[in-house]
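A.B. asks: pasted the sequence and its predicted model underneath.
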Amino acid sequence: MGTATLTPPAAVAAPAAGKGGKRVRPARERAFWPFLLPALIAYSALFVLPSLFGFWVSFNKWTGPGSAMTWNGLGNYLDLTRSEAFRTAFVNTFVLAFGGGVLVFAFTFLSMMVLRQLKGRAFIRSVIFLPMIISVIAVGVAIGFLLNPDGAVNTVLGWVGIQGRPWLGPDMVFKCIVAGLVWSSTGFYVALMMSAADSIPPYLYEDAKLMGATKWEQFRHITLPLTWDVFAVSAVLWVVNSLKVFEIVIAFTTAGTPASPPIQARTVAVQQYASVAGSGVPELGSGAAMGVVILIVTTILIVLTRRVTRRERVELS
């Protein structure tokens with residue numbers, strides 16, 4: 001009667017060794033390269049290389065293809081610090097990111113508190129989300145016409161005996177842009193947060209009611225902790241989107257006219273467009289320098305946002 005030979009598990013799991021004792025990768029580890037390589041090539045050609053070229057251009061004076069590129073060192077970056085238009089655009093961008101973000105999430109949290117038990121909340125959520133479906137250009141043009149000196153808003157105010165205001169004037173135009181962006185963006189974040197809030201078991205709120213918790217206390221101790229992960233992602237999305245606001249400013253301030261947006265209404269993205277495709281001589285070096293600056297700022301803000309919103313995950317037992 002023969003004896004069975006058992007192979008140790010370690011011998012089965014151990015990778016094959018090639019010449020010289022070198023480890024030979026299993027076939028499954030080599031198989032993903034043919035699938036990954038085309039994506040890496042496309043990503044490098046369409047994103048990495050243009051980004052590196054833009055970084056190089058930021059150190060040069062260049063008016064575009066067909067003209068000579070002249071080395072300027074840090075001159076483009078120093079010019080940005082001396083440019084009133086860029087400083088105004090930079091401040092506006094931060095006001096939009098932080099001030100607009102506070103308003104967006106304030107309305108979002110308020111909506112979560114009100115809509116949780118409201119009848120017809122699905123319809124109301126759809127109505128709130130509707131501005132997100134509409135083109136940002138259309139939103140900007142519509143608000144621009146409404147707030148025109150002879151527009152509908154001032155007309156209605158005149159009917160009730162209130163003098164119309166210069167909504168598109170230098171002191172008000174950017175505030176109106178922020179308000180329009182908050183109105184058009186809030187529905188998206190309400191939908192994100194409410195999708196997380198809908199998964200919270202109702203018995204938690206029932207127990208909280210029996211203990212006499214108010215709606216604010218229920219939101220603070222139940223809703224917010226259990227939706228915090230989604231809020232952290234939403235905050236990052238808002239930071240990224242707010243730092244590249246462009247279309248609504250163009251549509252809001254130049255609807256029906258060939259004029260350039262006023263300096264008081266510009267963001268960094270709009271100022272970058274004006275320097276590259278404005279009515280004057282294109283300044284691609286300055287535009288590239290603005291792109292590098294906003295990339296660095298975006299990276300820093302994302303890291304800070306992730307750290308501020310980092311908490312231990314709350315799970316239901």
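C.D. replies: That came in fine, so what should we check first?
A.B. asks: which parts of the helix or strand encompassing R125 are buried?
C.D. replies: With elements taken from DSSP states H and E, the one containing R125 is helix 121-133. Buried residues in helix 121-133, defined by neighbour count with 16 or more other Cβ atoms under 10 Å: R125, I128, F129, P131, M132. Where C-beta positions appear, they are placed from N, C-alpha and C, glycine not excepted.
A.B. asks: so I222 sits against Y203, correct?
C.D. replies: No: counting by Cβ atoms under 8 Å, Y203 is not a contact partner of I222; they are 10.8 Å apart.
A.B. asks: compare neighbour counts for these two and give me the winner.
C.D. replies: When I222 is set against Y203 and neighbours are counted by other Cβ atoms under 10 Å, the residue ahead is I222, at 19 against 8.
A.B. asks: so what pLDDT did that one get?
C.D. replies: Residue-level confidence at I222 comes out at 90, pLDDT.
A.B. asks: how about residues contacting stretch 50-60?
C.D. replies: Contacting residues not belonging to stretch 50-60 are listed as 69-74, 76-77, 284-285, 288-289, 291-292 [Cβ atoms under 8 Å, 6 or more residues apart in numbering].
A.B. asks: out of those, which sit inside helices?
C.D. replies: Assignment to helices by DSSP state H places the following of these there: N76, Y77, L284, G285, A288, A289, G291, V292.
A.B. asks: most neighbours, which of the residues you listed?
C.D. replies: Each of the ones in helices among the contacts of stretch 50-60 was scored by neighbours using other Cβ under 10 Å; the highest score is A289's, at 28 neighbours.
A.B. asks: if we can go back for a sec, nearest to D171, of the buried residues of helix 121-133?
C.D. replies: Top of the list for closeness to D171, among the buried residues of helix 121-133 and by Cβ to Cβ, is P131 at 25.6 Å.
A.B. asks: thinking again about what came up before, JSON lines for the contacts of stretch 50-60, including distance to G54 and pLDDT?
C.D. replies: Supplementary listing: these in JSON lines, determined by distance: Cβ to Cβ, whole Å; pLDDT from 0 to 100:
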{"residue": "M69", "distance to G54": "13", "pLDDT": "88"}
{"residue": "T70", "distance to G54": "17", "pLDDT": "91"}
{"residue": "W71", "distance to G54": "16", "pLDDT": "92"}
{"residue": "N72", "distance to G54": "15", "pLDDT": "89"}
{"residue": "G73", "distance to G54": "16", "pLDDT": "89"}
{"residue": "L74", "distance to G54": "16", "pLDDT": "91"}
{"residue": "N76", "distance to G54": "12", "pLDDT": "92"}
{"residue": "Y77", "distance to G54": "14", "pLDDT": "94"}
{"residue": "L284", "distance to G54": "9", "pLDDT": "90"}
{"residue": "G285", "distance to G54": "10", "pLDDT": "91"}
{"residue": "A288", "distance to G54": "5", "pLDDT": "92"}
{"residue": "A289", "distance to G54": "9", "pLDDT": "94"}
{"residue": "G291", "distance to G54": "6", "pLDDT": "92"}
{"residue": "V292", "distance to G54": "7", "pLDDT": "93"}
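A.B. asks: mind putting these into JSON lines with distance to R116?
C.D. replies: Conversion of these to JSON lines gives the following (distance: Cβ to Cβ, whole Å):
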{"residue": "M69", "distance to R116": "58"}
{"residue": "T70", "distance to R116": "61"}
{"residue": "W71", "distance to R116": "60"}
{"residue": "N72", "distance to R116": "57"}
{"residue": "G73", "distance to R116": "57"}
{"residue": "L74", "distance to R116": "53"}
{"residue": "N76", "distance to R116": "51"}
{"residue": "Y77", "distance to R116": "49"}
{"residue": "L284", "distance to R116": "51"}
{"residue": "G285", "distance to R116": "52"}
{"residue": "A288", "distance to R116": "48"}
{"residue": "A289", "distance to R116": "47"}
{"residue": "G291", "distance to R116": "42"}
{"residue": "V292", "distance to R116": "44"}
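A.B. asks: confirm for me that V136 is in contact with F188.
C.D. replies: No: between V136 and F188 no contact is recorded; they are 11.8 Å apart, counting by Cβ under 8 Å.
A.B. asks: okay then, goodbye and thanks.
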